[in-house]
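Student: structure for the following, please:
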Amino acid sequence: QVQLVESGGDMVQPGGSLRLSCAASGFTVSDYVMSWYRQAPGKAREWVAIITSVGNFESYTASVKGRFSISRDNAENTVYLQMNSLKSEDTAVYYCNANRPPGVDYWGQGTQVTVSS
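Tutor: This next block holds a predicted model:
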C-alpha cells in the first residue's frame, strides 16, 4: 500500500527552525521526483521545493530560497525539508508529493507549521 506520512510540524517563533519528514511506504522515493508544497489559510496550494530522481537536482520557490533545504535519505526512504529563519508567512500546512510520469502522483496528509510570536 502506497503511503506518504509527513511529520515534524509545530509552532515556532519567527527566526526559528523546523525539519519536516516525509516517510514513504509502498514505493521507493529514489525512483520519484519528490516535492514539498504548502497551503496557507484561504490560499491556493503552492509548490515549495523539489528534488529530482536523477542527479538529485534541487529547486526552490523564490520566497524560501536560501532558507529551506530539501534532501532525501534513500536508506530511510524518507524526504526531508529543513526550514530555517522561519517567517510568519511560512505558516501553512505542508504536503509531501511523489511524482513519476506519466500519471503517478502521490500525496501525504499534511503537517501544520505555525510561525508566530
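Student: and for Ile50, the neighbour number?
Tutor: Neighbour count for Ile50, taken as other Cβ atoms under 10 Å: 18. Just so you know, the C-beta spots here come from the backbone N, C-alpha and C atoms, and that holds for glycine as well.
Student: from Gln112, how far off is it?
Tutor: Distance of Ile50 to Gln112, given as Cβ to Cβ, to the nearest Å: 22 Å.
Student: spatially central residue in the protein, please.
Tutor: By Cα atoms, centre = their mean, the mean C-alpha position of the chain lies nearest to Trp36, the distance being 2.9 Å.
Student: using the three-state scheme, assign it.
Tutor: The assignment at Trp36 comes out as strand when based on DSSP: H, G, I helix; E, B strand; the rest coil.
Student: sheet-wise, list the partners of the lowest-mean-pLDDT helix or strand in the chain with their directions.
Tutor: Counting by mean pLDDT, DSSP states H and E, the weakest-scoring helix or strand in the chain turns out to be strand 104-107, with a mean of 94. When sheet partners are counted by DSSP bridges, strand 104-107 sits next to strand 92-100 (antiparallel).
Student: pLDDT of the strand it pairs with, averaged?
Tutor: Throughout strand 92-100, pLDDT has a mean value of 97.
Student: same question, stretch 27-40
Tutor: Average pLDDT, stretch 27-40: 96.
Student: show me what it is in contact with.
Tutor: 2, 20, 22, 45-53, 70, 72, 74, 77-79, 81, 89-100, 104, 106, 110, 113 (Cβ atoms under 8 Å, 6 or more residues apart in numbering).
Student: of these, grab the buried ones for ChimeraX.
Tutor: Selection of buried members from these for ChimeraX, criterion 16 or more other Cβ atoms under 10 Å:
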select :20,22,48,49,50,51,53,70,72,77,78,79,81,90,91,92,93,94,95,96,97,98,106,110,113
